[in-house]
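Undergrad: what shape does this take:
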Amino acid sequence: MLIPRNDCYGPGTRTLWFCLFAVAVLLWVYPPAVQAGGVADEVCAACHDEISEAFALTPHGRYLSERPGLAEYSCETCHGSAVGHVEEGDPELIINPAKQDQFGSQMCLTCHDDAQFDDWSFAHHNAADLNCASCHTVHGGTTGGMKKSGPDLCYDCHTDVRTASLMPSHHPVAEGKMSCQDCHNPHGGQTQMTLNSTSRELCFSCHADIEGPFVYEHAPVNEDCMICHTPHGSVADNLLKQTEPALCLNCHPMHFHANVPGWDGAFATPQTPERAGVSTPDGWKRGMLTKCTQCHTEVHGSDHPSQAASTAGNALTR
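TA: Residues are numbered from 1 along each chain as shown. Take a look at the predicted model:
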């Protein structure tokens, strides 16, 4: 039987289309899996009372409590249907995202889908079979749902970094003036640093005075700060990988002063005879191979020609 086209848009048909649209909206606002009568939160709280009380004070708990249709079934939002778990009392019959290795993160990413988590699939933490529950807890914890505050959480795995942070020269993480997240993005990114920066750009975000550009530049500064520095801690001053002059001699030949021969015997300076001493064949070497920065003070770059130096400003002495 053919129905005239006009009948598809008659008063009765428009009412039917409106009802179907209303049902679709209701199904979207009130998911049928929740409304189909799962296990209410009060049933979960009968056994997990401490967890239930703590969860109500968390951002997740407050968020779900304000959502119609989810407030009474917030536990099942993440743990799935608890019917079998309640009937059998078997913990294997309910989803526990914390025990699902890296796949447990997919539950969190269904809601936490903003830009900062776009690269989680390629993150080092994800590749190490960690999931969100390795660092976060949704049932309580510190600010941000972290299991521990400050760098202590990171140090649980990165023990080598903790050791470096106790070196004499270190960034002020232990003093509470910095955190690991100031430089690193634990959720992944284009680089291991935050803000998708290279290590050089990240360093300059704090150390802007050595960024340049300079008329006379030191090549490693334009390439990578990590050529000379180590970020987490060092025995040498200023987070240098080695003490001077050993660090400089990795790239530069031995200074010309080291080739000046010494001589044995006592001496006295003409202007101050009281300042006498004893010269040894290795005296110049000991005196001139101490710290290169005693003369080359502007190691990051300079805008001024060097005094009494044939290399113009490349000697970086001023």
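Undergrad: going forward, measure contacts and count neighbours with C-alpha atoms only.
TA: Fine.
Undergrad: so residue 57 versus residue 135, what's the distance?
TA: 19 Å (C-alpha to C-alpha, to the nearest Å).
Undergrad: residue 203 now?
TA: 26 Å.
Undergrad: more neighbours: which of those two?
TA: residue 203 (18 against 14; other C-alpha atoms under 10 Å).
Undergrad: that's a helix at that one, yeah?
TA: Yes: counting by DSSP: H, G, I helix; E, B strand; the rest coil, residue 203 is located in a helix.
Undergrad: contact partners for it?
TA: residue 225 (C-alpha atoms under 8 Å, 6 or more residues apart in numbering).
Undergrad: one more: residue 301?
TA: 210, 212, 214, 215, 216, 217, 218, 316.
Undergrad: could you tell me how many residues sit around residue 91?
TA: Residue 91: 12 neighbours (other C-alpha under 10 Å).
Undergrad: isn't residue 126 right up against residue 120?
TA: Yes: the criterion here is C-alpha atoms under 8 Å, and residue 126 meets it with residue 120 at 6.6 Å.
Undergrad: ok, back up a step: pull out the buried residues from the contacts of residue 301.
TA: Taking 16 or more other C-alpha atoms under 10 Å as the criterion, what is buried in the contacts of residue 301 is 210, 212, 216, 217, 218, 316.
Undergrad: of those, which belong to strands?
TA: For the buried ones among the contacts of residue 301, the ones inside strands are 216, 217, with DSSP state E as the criterion.
Undergrad: distance of the residue most central in space within the chain from residue 152?
TA: Closest residue to the average C-alpha location of the chain: residue 184 at 2.0 Å, with C-alpha atoms, centre = their mean. As judged by C-alpha to C-alpha, residue 184 and residue 152 stand 15 Å apart.
Undergrad: run through the stretch 51-200 of the chain and note the low-pLDDT ranges.
TA: For the stretch 51-200 of the chain, the stretches flagged by pLDDT under 70 are 102-103, 141-144, 190-198.
Undergrad: which parts of it are helices?
TA: 59-65, 74-79, 83-88, 105-109, 124-127, 152-155, 159-165, 199-204 (DSSP state H, counting those that start in this stretch).
Undergrad: adding distance to residue 264, write the ones you listed out as a markdown table.
TA: Below are those laid out as a markdown table (distance: least, C-alpha to C-alpha, whole Å):
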| stretch | distance to residue 264 |
| --- | --- |
| helix 59-65 | 77 |
| helix 74-79 | 82 |
| helix 83-88 | 90 |
| helix 105-109 | 73 |
| helix 124-127 | 60 |
| helix 152-155 | 55 |
| helix 159-165 | 44 |
| helix 199-204 | 48 |
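Undergrad: so residue 235 sits against residue 165, correct?
TA: No: the criterion here is C-alpha under 8 Å, and residue 235 misses it with residue 165 at 10.3 Å.
Undergrad: burial count for residue 243?
TA: 16.
Undergrad: what sits against it?
TA: 236, 237.
Undergrad: so it, which of the three states?
TA: Quick answer, by three-state DSSP: residue 243 is coil.
Undergrad: so how far is residue 42 from it?
TA: Applying C-alpha to C-alpha to residue 243 and residue 42 gives a distance of 64 Å.
Undergrad: and residue 247, by the same measure?
TA: For residue 247, the distance to residue 42 equals 65 Å [C-alpha to C-alpha].
Undergrad: neighbour count for these two, which is higher?
TA: Taking other C-alpha under 10 Å, residue 247 and residue 42 do not tie; residue 247 has more neighbours (17 against 14).
Undergrad: hang on, isn't the more buried one packed against residue 237?
TA: No: between residue 247 and residue 237 there is no contact, the gap being 11.8 Å when judged by C-alpha under 8 Å.
Undergrad: hmm, residue 238 is touching residue 171, no?
TA: No: with contact defined as C-alpha under 8 Å, residue 238 does not reach residue 171; the gap is 9.5 Å.
Undergrad: the more surrounded of the two?
TA: Under the criterion of other C-alpha under 10 Å, the comparison of residue 238 against residue 171 puts residue 171 first, with 21 against 17.
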